[in-house]
Every structure is written in structure tokens, then in C-alpha cells.
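J.: Pasting the sequence and the predicted coordinates here, then a few questions.
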Amino acid sequence: MLTCESNIKFIKGVGEKRAELFHKLGIFDVDSLIHFYPRKYEDWTNTKSVKDAQSGENVTIKATMITPVKEHMVRRGMTLYKCRFSDGESVINVTIFNNKYLAKALRIYDDYVLFGKIEKTLTTASMSSPKIEKLDTGVRIHPIYSATGKLTPSAIAKVIKTALDELPPFEETLSEDITSRYNLISLDRAIRQIHFPADEKEAFEARKRLIFEELLTLQLGLLKLKGNKKSETSLILKKDYTHEFLSLLPFNLTGAQSRAIIECIKDMMQRHPMNRLLQGDVGSGKTAVAAGLIYSVIKNSYQAAMMAPTEILAIQHYESLSKLFMNTDIRVELLTGSTKQSKKREIKARLIDGEIDLLIGTHAIIQNDVEFKNIALVITDEQHRFGVKQRAALADKGLSLHTLVMSATPIPRTLGLILYGDLDISILDELPPKRQEIRTDVVDSRYHQRLYNFMKEAIDRGEQCYVICPMVEEGEEEMANVKSAEQYAEELSSGAFKGYNIGLLHGKMKPKEKENVMKAFSSGDVQLLVATTVVEVGVDVPNATIMVVENAERFGLSQLHQLRGRIGRGSKKSYCVLVSDSKSETSRNRLLAMKKYSDGFKIADEDLKARGPGDFFGERQHGLPQLKIADMLEDVETLQLTQQCAKQILAEDYNLDLAKNKKLCDEINKMFRKLEY
């Protein structure tokens, strides 16, 4: 008997070879198959006669096949199959391209349904490669699935139909009071109707139910993560040392920075652990806020740790915080993957003995053998680059620790509710007074010579420039006219910028090589840095005033905004030039949004509208389970309903122990089990 746990290959009509095609779609068992929802539907229920059909429109026609199929080989790799159908009044000439399986399956004098574009003249009617099904099964709503290669949408539909026919009724996951209160159909009806609805109403009912359950499961999972705030902590700060910290700073904090520090310190003086997101645009001064919290925590006789996603950024934090705390008794140490073994052993021993107050590093600091004496605060920088479980691994270094996560990637406000549902949020919505407005221009490659002259003038004045490329080396992707960083650096060194000091930086280099290049750029020895997006996060060179992004259409807007944030960090006027030869109007409009907006949140909203939630976060949504049917843009209203519902459920049954919530608890575990480390 077929169950949801059954391997896909055991469904009738699949087998080993076809199963491999399903694997490419991420379908390995029956459960993942039935949750592979249609991306749209085709309505074949409104049938027409040939006489009533308009030339050029998509129509559904009931017709009988009246001639056998004739095969015509046009050329190697192209075979046409021709036959005729009649709707009782008119004849339709049908041409099928390269589909011998369909051609062989058709039987003369059998009744069929044809769906596709009809072309008419005064005397003839024809259809090229229409979809054709038997009359008894064809007049219905047809689900259309994302397909791959030889696995067509109709083939996927047949396998799903076979599976659903064999499966017993699906056990209900939501309690009766929830389905009644929110007017939801049963799970069994929803799964069967989402794939094979009788009409639009059934498809709507199914989507409503499945979207509600998916968002409710997500909200419950995130609220449960946030629930560690309910546990009490002994790591309570007795005194606020912010005033003392301010005397260390060579500048004044913005109002937003001061508010964020107050919010965080207030959290850490309570009985529950702080669990907060510090979100701010590029250059809004998140590190200064983090430093303020670290100072108060250490002055209260606790330790703190800060984790960055890259070695370059970890080193930068280490250098800036070491400098800031230079004349205090705070002991700062750096731990990364390239730290020598002997040094690592020494650091680990000093941590346990309490001889290190602040540990800064990369993923290396969440290893099991890194232990602290009395850690109270953990900070992760660029939160979107870590999964929930990585963040949790750092938080597990102590009991009920205070947690701060920082992100310079503006998340559209409609998504913040979902992505950071397990955190309280502090937003830095002011830029420090010295930050420059960056002029942004969009040009094509015809402007290269003028651009190079402009860059050389800046370098000759003692300023520095970035050139960003989408790839590391040639052949990395089969894409015409895409410059690789290695190729570009070589061209500039031997051509337009011969005699200038050019550096190359990309993710495939060894950590030590990257560190040396960045040090040379920071010190001014490298005048022009050709790089990939490895510079997107955190690298701070105030003397860099020009950034050129090649093939800019290949980057997301939020990513371009992050890159642009690497310049304009000093007092000199700065320029960002986006180079693109794309003829796509959509691409051009996206790039023009960069010229129009400097606010990262507005840019994030534009990016989300243009690319949709899946592409906005990339294939791997850090810290967020992959949603199968809910749309974060379209379903905000349902999101708000499910958040209220989730809070009510947890208020009554926080551990989901009641029988009516057991299946929902299983769904939460299933959704969050798939999160990547």
C-alpha cells in the first residue's frame, strides 16, 4: 500500500529512470510529490466549435480524429506528424512537432479534446502542437507544474493522480475550532482539490487552506524559537555603562544608535534574555551599537562573542574594536579558520579561564571545543548569511544568553514579520552626519573609455576605485559577454591602467591571500581593486570613491546597494557606475531604481516586486524554511491572521501537548528540520 513515506519509484508508471527526473525537481517520496503544487491552471471546460472560435485565440474544442497520423521528416531532429479532426461541422488540420509518443497514441475515430491556439482562414482551420487528451478525461481544469526535460506537466499530473487515487484520506492537522473559525476546508479536500479542482472556486478553497496552514506552521515555529525569552536568565546586567562608553568614542552617536543601545541594555537588565535584531542600512553604524553593548556586558564581569560571515569582516571588527578598547582593560581576541593550531589552543584555554573578555571570529567560534567561562552576550553580524541553527549554536555557548543579530541587508517591511519572527527589532534609520550621498549612473559598455579616464583622474588625485565582476574566472558560467574578475584584472593591468597598482580579490582565494590584498587596498598600496561580491560585506576603505559594477543586470538590487555601500565612507564625493548592455526593459528599470533611490528599504521593496521572494533571498533562504505555496507579497493578510492564531494556540498550549495540536507539532518539526546549518 502506498504511503506518504513511500519512495517515488514505487508509484505505478514511475520506476528507477523516471524517478531520477523527479529527483531533479526535489521530489524523492510521495509526500514531496503531493506537496509539489501546480504553478497555474488551464481551464478546458469552456469548449467552443470551430465556427465560433476567433482566429489566434486559445480554445478548447471537442473533436473526432478523422484521418490517421502521417509522419513527415523535415530534417534531422525535426519530425512533423499531421492528421485531421472534425467537430461535426468543420475540419481542423493538426500538426504535431517532434512528439512521436502522442502521435502513436492517437486513434482514428476516437473522440478527443484539443486545447491550443487556432488559426483560421476563409476556408481552413488549423492548430499547431495543441494539447490533446481523451474526451472523457480532458474537459476539466488542468494543473500546470514546473517541468524538467522529458518530464512534462501532463506526465507529472498523471503520476500525482495515480498517487492520490492510491493514498488513504489525509489525517487532519488543524483542530476543528481553527477550521471552523477561519472557514477552511479539510486537509484531505485541500490536497486533492489543489491538484485537480473541478472549478476556480475549488482551486481557491484549496489554496486558502494550504496557504493558511503553511504560514501558521511557520509562525508557530518562529514564535517557539522566540519562546526562549520566556525562560529566565541569571545573566542580568546590574549597571549600565553606556555613559562611560560614550567617552571612548571620537564621534557622537546618532539618535537611532542611542535608542538602539538603550533598548538593548534595557532588555539585558530584565529577567528574560535579550533576543534582538539590529537592522540598519549600509553605513548606519551598527558596529558602534554592538561595541556599546559589549562594553556594558564586560564591565558587568561577563564575556561576549561576535561572529562574522567572512574572515575579512572578522578581522575588520577585531581591528576596529581593539583600537576602540585600547585604553581600557578589555581583552580582545580573534579566532578564525586560518588561526594557527597552537594559537587556537592558547585562545581556548584563556577563554575558559576568563582571560579573554571579547572573542571575535568566523564560524570557528561555534565549534564544540570553544568554551567560555561566563559568556552573557553573543552577536552575529550579517544575520542573513547564517541559518537559524548556526545562530542557535553560538547561543548554546551559555545558558539563556543575550543575543543580538545585525544585518545591513534591508528586508522589505512586509517580509520582516516572517523572516525575523523570532526576534525583537531595533532599526537604525539615520545615517551618521558625515556619510556622503553617492551619485549613481547607469551606462552601457560604450562608456568604458570615458569611465577609465574618470577613474584615472581620481586615482591620480590619491583616491581609490573598485571594479566589481559577477564571476571569478572565465568559463565559470557559459554566458557570453560576461567579464570575469581574473580576465578583467589582466586586461586593465596590460591596457588602460598599465603602470597602476591593481589588486584582485575573489572568494576562491586563500584567506591569507584575501587578507593581504585587503590590507594593501586599505593602506592605499593598491589603487584599483578588481573583485567579486566578496567585498559586499563590511570592507571599509574611506579613501575609495568610485565603484564600477560590470554586467550589473546580473546582481539583485539589494546586493548592488550593499556593494555601493563600500564607497562614500569618507568625506569625498563618491560615484557608483552600473555598466550593463542588457536590452531587457525589466533589467534597465531595475537598475534605474538604483539611480532613483538611496534608501535601502525602498530598494528592497523594488527588488522584491521585480524578482519575487524566492529570488530575493536566493536559493538558500538563510534561517527561513522554504515555502511551497504561500506568497510573501500576496498573502500578507493571511500572514497577519496566522500570527494571531499562532499566539492564541501557544497561549493555551505552549508545548503543543494537547491531542488537537499533535499533528501541527509534527508539521512544525518537519518544516524546521529542513533548515540548513
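T.: Structure's in. What do you need?
J.: ok, Glu515 - how many residues close by?
T.: Neighbours of Glu515 under the rule other CB atoms under 10 Å: 16. Backbone N, C-alpha and C define where each C-beta goes, glycine included.
J.: for it, helix, strand, or coil?
T.: Put simply, Glu515 is helix when judged by DSSP: H, G, I helix; E, B strand; the rest coil.
J.: Listing request: residues of the stretch 101-250 of the chain with sub-threshold pLDDT.
T.: When residues are selected by pLDDT under 70, those of the stretch 101-250 of the chain lie in 225-230.
J.: Kindly report the same for the stretch 251-400 of the chain.
T.: For the stretch 251-400 of the chain, the stretches flagged by pLDDT under 70 are 382-399.
J.: Pairing partners for the closest residue in space to Glu263 that isn't next to it in sequence in the sheet, please.
T.: Spatially, and ignoring its direct neighbours in sequence, Glu263 is nearest to Ser426 (5.1 Å; CB to CB, 6 or more residues apart in numbering). On the basis of DSSP bridges, Ser426 takes part in beta bridges with Leu278.
J.: Equivalent analysis for Leu504, please.
T.: Where Leu504 sits in a bridge, its partners, by DSSP bridges, are Val530.
J.: Tell me which residues of stretch 27-37 come out buried.
T.: Neighbour-count burial for stretch 27-37 flags Ile27, Asp29, Val30, Asp31, Ser32, Leu33, Ile34, Phe36, Tyr37 (criterion: 16 or more other CB atoms under 10 Å).
J.: which ones among these are found in helices?
T.: Among the buried residues of stretch 27-37, the residues falling in helices (DSSP state H) are Val30, Asp31, Ser32, Leu33, Ile34.
J.: show me what contacts the fourth one?
T.: By CB atoms under 8 Å, 6 or more residues apart in numbering, the contact set of Leu33 is Ile8, Ile11, Phe22, Ile27, Val159, Ile160, Ala163.
J.: mind running it again at 6 Å?
T.: Leu33 makes contact with Ile27, Ala163, according to CB atoms under 6 Å, 6 or more residues apart in numbering.
J.: Find me the pLDDT at it, would you?
T.: pLDDT recorded at Leu33 is 93.
J.: That one and Lys158, how far apart?
T.: Distance, Leu33 to Lys158, by CB to CB, to the nearest Å: 12 Å.
J.: Same check on the third one?
T.: Distance, Ser32 to Lys158, using CB to CB: 17 Å.
J.: from what I can see the residue nearest to Glu263 touches Leu278, true?
T.: Yes - with contact defined as CB atoms under 6 Å, Ser426 counts as touching Leu278 (5.1 Å).
J.: overlap in contacts of these two?
T.: With CB under 6 Å, 6+ apart, Ser426 and Leu278 have common neighbours Ala260.
J.: higher neighbour count, these two?
T.: More crowded of Ser426 and Leu278, by other CB under 10 Å: Leu278, with 28 against 23.
J.: contacting residues around the more buried one?
T.: Ala260, Lys286, Val289, Leu404, Met406, Ser426.
J.: ditto for Ala544
T.: Ala544 touches Gln464, Ile567, counting by CB under 6 Å, 6+ apart.
J.: So it versus Cys469, what's the distance?
T.: Distance, Ala544 to Cys469, using CB to CB: 16 Å.
J.: same check, this time on Arg350
T.: Note on Arg350: its distance to Cys469, by CB to CB, is 42 Å.
J.: Those two: which has the busier surroundings?
T.: Cys469 (25 against 15).
J.: Spatially, what comes nearest to that one if we skip its sequence neighbours?
T.: Spatial nearest neighbour of Cys469, excluding adjacent residues (CB to CB, 6+ apart): Ala485 at 4.2 Å.
J.: okay, that neighbour: pLDDT?
T.: Ala485 carries a pLDDT value of 87.
J.: what's around it, how many residues?
T.: Neighbour count for Ala485, taken as other CB under 10 Å: 27.
J.: doesn't Thr532 make contact with it?
T.: Yes - here Ala485 reaches Thr532: they are 5.3 Å apart, a contact under CB under 6 Å.
J.: For Cys665, pull up the helix or strand it's in.
T.: helix 662-673 (DSSP states H and E).
J.: can you list the ones in helices among the buried residues of stretch 27-37 in a markdown table and add distance to Thr310?
T.: Below are these laid out as a markdown table (distance: CB to CB, whole Å):
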| residue | distance to Thr310 |
| --- | --- |
| Val30 | 41 |
| Asp31 | 37 |
| Ser32 | 34 |
| Leu33 | 39 |
| Ile34 | 40 |
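J.: Identify, from these, the entry nearest to Lys344.
T.: For these, the minimum distance to Lys344 (CB to CB) is 41.4 Å, reached by Ser32.
J.: who's in contact with the closest one?
T.: Counting by CB under 6 Å, 6+ apart, Ser32 touches no other residue.
J.: What ranges does the stretch 551-677 of the chain have for its strands?
T.: In the stretch 551-677 of the chain, the segments counted as strands under DSSP state E, counting those that start in this stretch are 575-579.
J.: now the helices for the stretch 501-650 of the chain?
T.: Secondary structure of the stretch 501-650 of the chain by DSSP state H, counting those that start in this stretch: the helices cover 511-523, 557-564, 585-596, 600-617, 636-652.
J.: Please dump those helices into JSON lines; it should also carry distance to Gln626 and mean pLDDT for every row.
T.: Formatted as JSON lines, those follow (distance: least, CB to CB, whole Å; pLDDT from 0 to 100):
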{"stretch": "helix 511-523", "distance to Gln626": "31", "mean pLDDT": "84"}
{"stretch": "helix 557-564", "distance to Gln626": "19", "mean pLDDT": "84"}
{"stretch": "helix 585-596", "distance to Gln626": "24", "mean pLDDT": "86"}
{"stretch": "helix 600-617", "distance to Gln626": "8", "mean pLDDT": "63"}
{"stretch": "helix 636-652", "distance to Gln626": "16", "mean pLDDT": "88"}
